[in-house]
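Asker: pasted the sequence and its predicted model underneath.
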Amino acid sequence: MALHFWSGQKSLQQDGGGNGAVWGNFVNMSKTIQENGEQKIEKKIEEIVEPLREKIKDLEKSFTQKYPPVKFLSEKDRKRILITGGAGFVGSHLTDQLMMDGHEVTVVDNFFTGRKRNVEHWIGHENFELINHDVVEPLYIEVDQIYHLASPASPPNYMYNPIKTLKTNTIGTLNMLGLAKRVGARLLLASTSEVYGDPEVHPQNEDYWGHVNPIGPRACYDEGKRVAETMCYAYMKQEGVEVRVARIFNTFGPRMHMNDGRVVSNFILQALQGEPLTVYGSGTQTRAFQYVSDLVNGLVSLMNNNVSSPVNLGNPEEHTILEFAKLIKNLVGSGSEIQFLSEAQDDPQRRKPDIRKAKLLLGWEPVVPLEEGLNKTIHYFRKELEFQANNQYIPKPKPARIKKDFDQVS
Ligand SMILES: O=c1ccn([C@@H]2O[C@H](COP(=O)(O)OP(=O)(O)O[C@H]3OC[C@@H](O)[C@H](O)[C@H]3O)[C@@H](O)[C@H]2O)c(=O)[nH]1
């Protein structure tokens, strides 16, 4: 076609005279048409290419996203691990550990107390998956190990909706044991020192059966965890499911929710904001606090050992709550007062783990000194307060304690 056109053009040119001007116009016109056409095509191409360029930029960003360093594990050593409640305070630290160890981690969370922010640094990593799911509903995935942590753990949170707390710990645990049975996975239950209730044995060892008020305000959690333990051993005996049960004592560290309502978060937040530190009762009740990294090491060690009976994981350094208030006030350098409020109902009066079993069978014991852990947590809370202030949100400590005269059953 092009050849014909140009040969035609030559013959017209050769005509001479008036035909020359006509020819000139024709050439200009065809040039303009050609240029307009090219511009249109270029515009069309640009319209298609521009969004693609944006996509490429996004992809490049995700390729260059910096993840924490992850070990390489061979196919044989790499496990597929499910962490229920993996976006929560303890769960997210456990996620970090197992990801950095090189495993494939699936986090399941319903985000009642967990937060996406706690695990967002893994989003997009090929070994990581985040599923918004409530364990009260069955879950069908293929895994080798299950860390079953899903449940609100702070007293104000678990008392907020006792029925939901019960469902999570009973139906949720049944579902996860069912999954473990189907896929042949090992399940570790995050149980609690609260199974010992307000203990009459001190310190608490794993043989102690506990002293729980089954109709009190804490029962939804305490009894929920007790029956969850019962379920584990029923599945072990009847169905041959491999189970591990960690009885976790008071734990603290970064990523605790500021409005969590537990004593550590309340005292730090109050001290940082110059508000009175609220001590419930006389402050003579005791607790022993472990730093979260110690707990995570204990959980991983228990999961990978052959101890199927319950194991206490906690720091045996015991303090009264009043001592603890003074310590936090000093570490923060706060001028806050200490305020005594009414005692919480069924509040355990003395609690301290006997960790001889963990030491002997797992070779585990806590190593982070209390003050060091507290300083790290205070630093985290300061940063969180700055973050919240930039978002124009001023968090308040959760005052949702249950009073002693609480009308539990009428
Ligand atoms: O502001 C506060 C909050 C709490 N307290 C007291 O501090 C003590 C510790 O209370 P927390 O709410 O931190 O935790 P508790 O020991 O009662 O329960 C915890 O037990 C072990 C875990 O399984 C759970 O994380 C949680 O249930 C209690 O005596 C409580 O009454 C205060 O004096 N002031």
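Answerer: Here it is on my side, so go on.
Asker: ok, the nearest residue to Phe112 once chain neighbours are set aside to the ligand distance?
Answerer: Of all residues not flanking Phe112 in the chain, Pro152 sits nearest, at 6.3 Å (Cβ to Cβ, 6 or more residues apart in numbering). C-betas here are computed from N, CA, C, even on glycine. Plainly put, Pro152 is 9 Å away from the ligand if you go by Cβ to the nearest ligand atom, to the nearest Å.
Asker: and Pro152, which of the three is it?
Answerer: coil (DSSP: H, G, I helix; E, B strand; the rest coil).
Asker: residues touching it, list them.
Answerer: Phe112, Thr113, Tyr158, Tyr160, Thr165, Thr168, Tyr221 (Cβ atoms under 8 Å, 6 or more residues apart in numbering).
Asker: show the pLDDT at the fourth one.
Answerer: pLDDT, Tyr160: 93.
Asker: how far away is it from the ligand?
Answerer: 13 Å.
Asker: grab the longest helix from the protein for me.
Answerer: Across the chain, the longest stretch assigned as helix under DSSP state H is helix 19-64.
Asker: which ones among the contacts of Pro152 are found in helices?
Answerer: Tyr158, Tyr160, Thr165, Thr168, Tyr221.
Asker: what lies in contact with the stretch of helix or strand Glu384 belongs to?
Answerer: Assigned by DSSP states H and E, Glu384 belongs to helix 370-390. By Cβ under 8 Å, 6+ apart, the residues outside helix 370-390 that reach it are 252-256, 258, 264-265, 268-269, 272-273, 289, 291-292, 315, 317, 319, 327-328, 331-332, 394-395.
Asker: could you list the alpha-carbon positions for it in CSV?
Answerer: Presented in CSV, the C-alpha positions along helix 370-390 are these (Å, rounded to 0.1, in the frame of the first residue of the first chain):
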residue,chain,number,x,y,z
LEU,A,370,12.4,-7.5,85.9
GLU,A,371,13.7,-3.9,85.6
GLU,A,372,15.2,-4.6,82.2
GLY,A,373,11.9,-5.9,80.9
LEU,A,374,10.0,-3.0,82.5
ASN,A,375,12.3,-0.4,80.9
LYS,A,376,11.7,-1.9,77.5
THR,A,377,8.0,-1.9,78.1
ILE,A,378,8.0,1.7,79.4
HIS,A,379,9.9,2.7,76.2
TYR,A,380,7.3,0.9,74.1
PHE,A,381,4.4,2.7,75.9
ARG,A,382,6.1,6.1,75.5
LYS,A,383,6.3,5.5,71.8
GLU,A,384,2.7,4.3,71.7
LEU,A,385,1.6,7.5,73.5
GLU,A,386,3.4,9.6,70.9
PHE,A,387,1.8,7.6,68.2
GLN,A,388,-1.7,8.0,69.7
ALA,A,389,-1.1,11.7,70.3
ASN,A,390,-0.4,12.2,66.6
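Asker: re the thing from before, and the two most separated of the ones in helices among the contacts of Pro152?
Answerer: Greatest spacing in those, by Cβ to Cβ: Tyr160 and Thr168 (12.2 Å).
Asker: what about those two, which has more around it?
Answerer: Thr168 (26 against 17; other Cβ atoms under 10 Å).
Asker: show me the contacts for the closest residue to the more buried one other than its chain neighbours.
Answerer: Distance criterion Cβ to Cβ, 6+ apart; nearest residue to Thr168, sequence neighbours excluded, is Ser151 at 5.0 Å. Counting by Cβ under 8 Å, 6+ apart, Ser151 touches Gly85, Tyr158, Thr165, Thr168, Asn169, Gly172, Ala190, Tyr221, Gly224, Lys225.
Asker: one more pass at 10 Å, please.
Answerer: 84-85, 88, 112-113, 135, 157-158, 164-166, 168-169, 172-173, 190-192, 220-221, 224-225, 228 (Cβ atoms under 10 Å, 6 or more residues apart in numbering).
Asker: tally up the residues packed near Phe324, please.
Answerer: Neighbours of Phe324 using other Cβ under 10 Å come to 21.
Asker: which element is it on?
Answerer: helix 321-332.
Asker: touching the ligand at all, that helix?
Answerer: Yes - judged by Cβ under 6 Å from any ligand atom, helix 321-332 comes into contact with the ligand at Ile321.
Asker: just want the angle from that helix to helix 370-390.
Answerer: Calculated by axes from the mean of the first three to the mean of the last three Cα atoms, to 10 degrees, helix 321-332 forms an angle of 70 degrees with helix 370-390.
Asker: just the CA coordinates of helix 321-332, formatted as CSV?
Answerer: Coordinates of the C-alpha atoms in helix 321-332 are reproduced here as CSV (Å, rounded to 0.1, in the frame of the first residue of the first chain):
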residue,chain,number,x,y,z
ILE,A,321,1.4,-5.2,93.9
LEU,A,322,2.2,-2.1,96.1
GLU,A,323,6.0,-2.8,95.6
PHE,A,324,5.3,-3.1,92.0
ALA,A,325,3.5,0.2,91.8
LYS,A,326,6.5,1.9,93.5
LEU,A,327,9.0,0.3,91.2
ILE,A,328,7.1,1.4,88.1
LYS,A,329,6.7,4.9,89.4
ASN,A,330,10.4,5.1,90.0
LEU,A,331,11.4,3.7,86.7
VAL,A,332,9.2,6.1,84.8
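Asker: on contacts alone, who are the packing partners of whatever helix or strand comes next after it?
Answerer: Following helix 321-332 in sequence order, the next helix or strand is strand 338-341 (DSSP H and E). Contacts defined by 3 or more Cβ pairs under 10 Å, 6 or more residues apart in numbering; DSSP states H and E place strand 338-341 against helix 263-273, strand 277-280, helix 321-332.
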